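1. got a predicted structure here, sequence first:
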Amino acid sequence: MADTEFKVFAQLLATKYRKGRKVEAFAQELFKEIYLPESEDDPDENTLPRTYRGYYYGQNDITELASQIAGSLDTSNFASYLQTASDGTIESLCEAFCPWYPDIDADNHCQRIAARFKDLIDYAAAPKTKIAPPAIVAGRGVPGLLIDYNALMRKHGVSFVRKVESAIYGEMVRINDFIYDSERPAPRIDLKKDGSYKFFTPDDDGTGTNFRGMIVFDLSILRLTQIPAISHDSLIFKNIADLPIDRIFQLYQTSPKQIFVVFDKKDAFTQTTQDIIDATTVIELHENGGELFGWSWAKKTKEMQEVKAADEQSVE
C-alpha cells in the first residue's frame, strides 16, 4: 500500500490516540478536530466511513476532502486535542515527528504536530504543477535537480523519497529559523509519484516570500549535497526586508562552499550587508571605464553615432 502523507501522519498518532477504535472512526476524528464547519453542509460528516478507511491505509489520497476544508482549519483546536500528561507519549511524539520539525520538544509538540496536519491538508488542496521528468524544479528560477524521482521510487520505495523530502525540509527549517528568529514558517516541498511537485510557504504566497523560499531551498541543497556552488541575482532581493537580507548574507559569508551573488545598488542595503559585500567582493563593475570589457555594450559610441549620421545623409 502507498505511504501517503496522511497514512504516515495518522498511523504515527494512532499508536497513542486510536485506543482500539476502528481506523475509519479514528481517521474521521482527526479531521473533525482540525476542521471548523462554516455551514450545515459539513464535508467531514458527508465523507463515507470506507473513504476514511482508505485514507488511513493509504488506499485513497485526501485531495477531495482537503480541497473542501482547507480554508477552515483550526490548528489551536487540534493542538488541544493532542494535549496529554504522559511524559512517555510526549517523548514518543517528539521522536516520531522530529523529521518534520527538528526543534520539536515537550513545550511545542502539540503546535508542531497540528501544523504538520495543516500542512499536509494544504498540500493536498493546493493545485499541482506538472513538470516533465526526469528533472524536478523546486521553485521560480530554481535550477532543476537532475534526479529522476520516479526511478528513485521504483528502486527504493516511497519511504526513501519521503526521507529526501524530510531532509530538505529539516534543513530549510534551520535556515529559515535563523533568518526569521523562528517567527515565520519555512517553505515546504512535496515530491509526487507522477513527476509533479508542490513548493510553497504555508499561508503566504507573496513575491518576497517566494524569492526567500527559493534562497532557503538553494542554501539547503548546497548544504545537503555535493553541489560546489550556487549563484543568486539581485532581482531576488528586491522584495525582501532588510533584516532577512542581513541574515541571508551572513549565511552566504559563513558557507564553506562558493556562493556567487550578482547585484546592483549596494547602498540600498543596510550597513551590515554592505560590510559583508565590501569584504567579499571579487569583481566590481561601474560606468566610465569600469565595465567588464572597458566599455558598455548598451551605449552608442561616438564612432557608431557618426556611422549612423553618415548612413542617414546617404539615404537623403
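-> Here it is on my side, so go on. Because the structure is predicted, anything quoted here is derived from the model rather than measured. Numbering: from 1, shown residues only.
2. in stretch 97-104, what counts as buried?
-> Buried positions in stretch 97-104, judged by neighbour count with 16 or more other C-beta atoms under 10 Å: 97-101, 104. C-beta coordinates here come from the backbone N, C-alpha and C atoms, glycine included.
3. so which helix or strand takes in the residue nearest to residue 279 when sequence neighbours are not counted?
-> Leaving aside its sequence neighbours, residue 279 sits nearest to residue 253 (C-beta to C-beta, 6 or more residues apart in numbering; 7.7 Å). If you go by DSSP states H and E, residue 253 is part of helix 242-254.
4. for residue 260, same thing?
-> Using DSSP H and E, residue 260 falls in strand 258-262.
5. count the residues that sit near residue 224.
-> 14 (other C-beta atoms under 10 Å).
6. average model confidence for the helix holding residue 253?
-> Averaged across helix 242-254, pLDDT comes to 90.
7. that helix: how far from the chain's middle?
-> Put simply, helix 242-254 sits 18 Å off its chain's centre (C-alpha atoms, centre = their mean, to the nearest Å).
8. residues in contact with that helix?
-> 175, 178-180, 212, 215, 219, 237, 240, 259, 261, 269-270, 272-273, 276-277, 279-280 (C-beta atoms under 8 Å, 6 or more residues apart in numbering).
9. buried subset of these?
-> 175, 178-180, 212, 215, 219, 237, 240, 259, 261, 269, 273, 276-277.
10. mind checking which of these are in strands?
-> 259, 261 (DSSP state E).
11. most widely separated two among the buried ones among the contacts of helix 242-254?
-> The distance between the two most remote of the buried ones among the contacts of helix 242-254 (C-beta to C-beta) is 21.6 Å, for 180 and 277.
12. before we move on, the earlier item: what is the nearest of the buried ones among the contacts of helix 242-254 to residue 229?
-> Nearest to residue 229 among the buried ones among the contacts of helix 242-254, with distances taken as C-beta to C-beta, is residue 259, at 6.7 Å.
13. pLDDT score assigned to the closest one?
-> Taking residue 259 on its own, its pLDDT is 93.
14. repeat that for residue 300.
-> Confidence score, pLDDT, at residue 300: 57.
15. dump the residue contacts of residue 74.
-> 34-36.
16. list just the nearest of these to residue 16.
-> Of the contacts of residue 74, the one sitting nearest to residue 16 (C-beta to C-beta) turns out to be residue 34, at 16.8 Å.
17. for the closest one, which non-adjacent residue is spatially closest?
-> Using C-beta to C-beta, 6+ apart, the closest residue to residue 34 is residue 78 (4.1 Å).
18. just residue 241 next, same as before
-> Residue 241's closest residue in space is residue 208 (C-beta to C-beta, 6+ apart), at 7.2 Å.
19. and residue 82, by the same measure?
-> Per C-beta to C-beta, 6+ apart, closest to residue 82 is residue 110, 4.4 Å.
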